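Chemist: with the sequence up front, the predicted model follows.
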Amino acid sequence: MKIHLIGIGGIGVSALAQYYLSKGHEVSGSDLAPSEITDFLKEKGVKIIIGNFAKNVEKDLDLVVYSPAVKKGNKELAQAIKHKIKTQSYPEALGGLTRDYYTIAVAGAHGKSTTTSMIALILIEAGLDPTVIVGTKLKEFGDSNFRAGKSRLLVIEACEYDSSFLYYSPQIAVVTNIDKEHLDFFKTFANVKKAFEKFILKLPRPGESGYPGFFIRNADDINAPVIIDHKFQIKDYSLKQAEAKKIKSNLKIPGAHNVSNALAALEVARILAIPDKDTFSALSKFNGTWRRFEILKETKNFTLISDYAHHPNEILATLIATREKYPKKQIWCVFQPHQHQRTFYLFNDFIKTFREVPIDKIILTDIYDVAGREIPTSSRTHDGIGAKIKEVSSKKLAEEVNKKNVSYLPIDEIEVFVKENIKLVDVLVIMGAGDIYKLADKF
């Protein structure tokens, strides 16, 4: 088959491209700008095209897959429809794969990538040889977000944005937690919770797939769904259980949230009859993932950490873990908010978080706009707040936090400021889901 992927530089679409490549298909893809992901795919044998043009879609293509960020007016998508080529969104395409495998799908507002990675590495340690599609890069996968396995096991990260995870058909569904996230799409927290309930109810009933369904639920999460009318099994995990202490002492990555992620992975391993000793062995070797408390440099006097946290609760959990790991160090964090809409909807939560974080200095820089997911200043949302969303800023956020250790600096002044003050810092955390990670390369 000849397959073309629009938005191939995305973390999910790029993994799917590698899956198709591993199956012997001819794969091409386009994106608006080159990146380390597109460079990686090019080295793997994918034909990479920079730019979005109708001519990129040839008549002899068998399938065109497009990123959720791609809108209806996209030139390549329109050309594919004109040529009557089969088109699928990334969630639709991945959903098709989940029906061909025994699928373990990991969902949740926070911890999806880490938990998915932990489960994958446990399965590999146990010799179960899974195929893995995850929203981050792992060193164990050769700095890739994909692993091709030969068994019928598929481990995927299941994102809730745009209700994407409702396309998936898992046998095991893990929900790490439910939080006020992606409100640009869901609008209300009640809608978020309803979507997760629908995802859980995708689990098979007896006789539907030949396998029983399992829901792995975080008993510590106050928003954990209570599903009454179900035929699948529910497995709860909690930081209060006995294994939590052992896991905490074995994990290389800090924080109670990561112990919780590991406990979810433990429950999955037990369902698959993997001995606990193999699970604990795999977890003790886990070095973390790309931009999830990723220690890029560590010397006697200085530590540089890159982290993907962009939700207030993620930020708080990560910086509490940083303080626990470095209790007597001078810790600074440079944070880039991700998306105007998220910053607007969670503005008060951000204020509360930045007033509570137990570190020495926080520098807020300009909000990272997400292509295709921001509201133009002139537009109106369902409640008429489009213009207000565009008015929100990191400068206003810093002013509202109103603490001496929280300040704002424009993105183009951050590098110079940190370099001039680097001798004052023991631990520097570069944080955010946008392009702020590039700043880490400067140090």
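Modeler: All right, it came through fine. Numbers count the residues shown, from 1 in each chain.
Chemist: list the helices and strands whichever helix or strand residue 174 is part of packs on?
Modeler: Here residue 174, judged by DSSP states H and E, is contained in strand 172-175. Applying 3 or more CB pairs under 8 Å, 6 or more residues apart in numbering; DSSP states H and E, we find strand 172-175 packed against strand 102-107, helix 189-200, strand 214-218, helix 256-271. To be clear about C-beta, it is placed using only N, CA and C from the backbone, and glycine gets the same treatment.
Chemist: out of the ones you listed, which is the most enclosed?
Modeler: Compared across those, strand 102-107 shows the largest average neighbour count, a mean of 26 (mean count of other CB atoms under 10 Å).
Chemist: how about exporting the helix or strand just after that strand as PDB, limited to the C-alpha atoms?
Modeler: Under the assignment DSSP H and E, the closest C-terminal helix or strand after strand 102-107 is helix 112-125. Presented in PDB, the C-alpha positions along helix 112-125 are these (Å, rounded to 0.1, in the frame of the first residue of the first chain):
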ATOM      1  CA  LYS A 112      -0.600   8.800  30.000                       C
ATOM      2  CA  SER A 113       2.800   8.700  28.400                       C
ATOM      3  CA  THR A 114       4.700   7.600  31.500                       C
ATOM      4  CA  THR A 115       2.200   4.800  32.300                       C
ATOM      5  CA  THR A 116       2.100   3.600  28.700                       C
ATOM      6  CA  SER A 117       5.900   3.400  28.700                       C
ATOM      7  CA  MET A 118       6.000   1.600  32.000                       C
ATOM      8  CA  ILE A 119       3.500  -1.000  30.800                       C
ATOM      9  CA  ALA A 120       5.400  -1.500  27.500                       C
ATOM     10  CA  LEU A 121       8.700  -2.000  29.200                       C
ATOM     11  CA  ILE A 122       7.200  -4.500  31.700                       C
ATOM     12  CA  LEU A 123       5.700  -6.500  28.800                       C
ATOM     13  CA  ILE A 124       9.000  -6.500  27.000                       C
ATOM     14  CA  GLU A 125      10.800  -7.600  30.200                       C
END
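Chemist: which SSE is immediately downstream of helix 112-125?
Modeler: strand 131-138.
Chemist: ok, which stretches of the stretch 201-350 of the chain are helices?
Modeler: 243-250, 256-271, 276-285, 312-325, 340-345, 347-356 (DSSP state H, counting those that start in this stretch).
Chemist: could I get those as JSON lines with distance to residue 439 and mean pLDDT?
Modeler: Converted to JSON lines, the helices of the stretch 201-350 of the chain look like this (distance: least, CB to CB, whole Å; pLDDT from 0 to 100):
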{"stretch": "helix 243-250", "distance to residue 439": "31", "mean pLDDT": "94"}
{"stretch": "helix 256-271", "distance to residue 439": "24", "mean pLDDT": "96"}
{"stretch": "helix 276-285", "distance to residue 439": "29", "mean pLDDT": "95"}
{"stretch": "helix 312-325", "distance to residue 439": "17", "mean pLDDT": "92"}
{"stretch": "helix 340-345", "distance to residue 439": "19", "mean pLDDT": "89"}
{"stretch": "helix 347-356", "distance to residue 439": "19", "mean pLDDT": "94"}
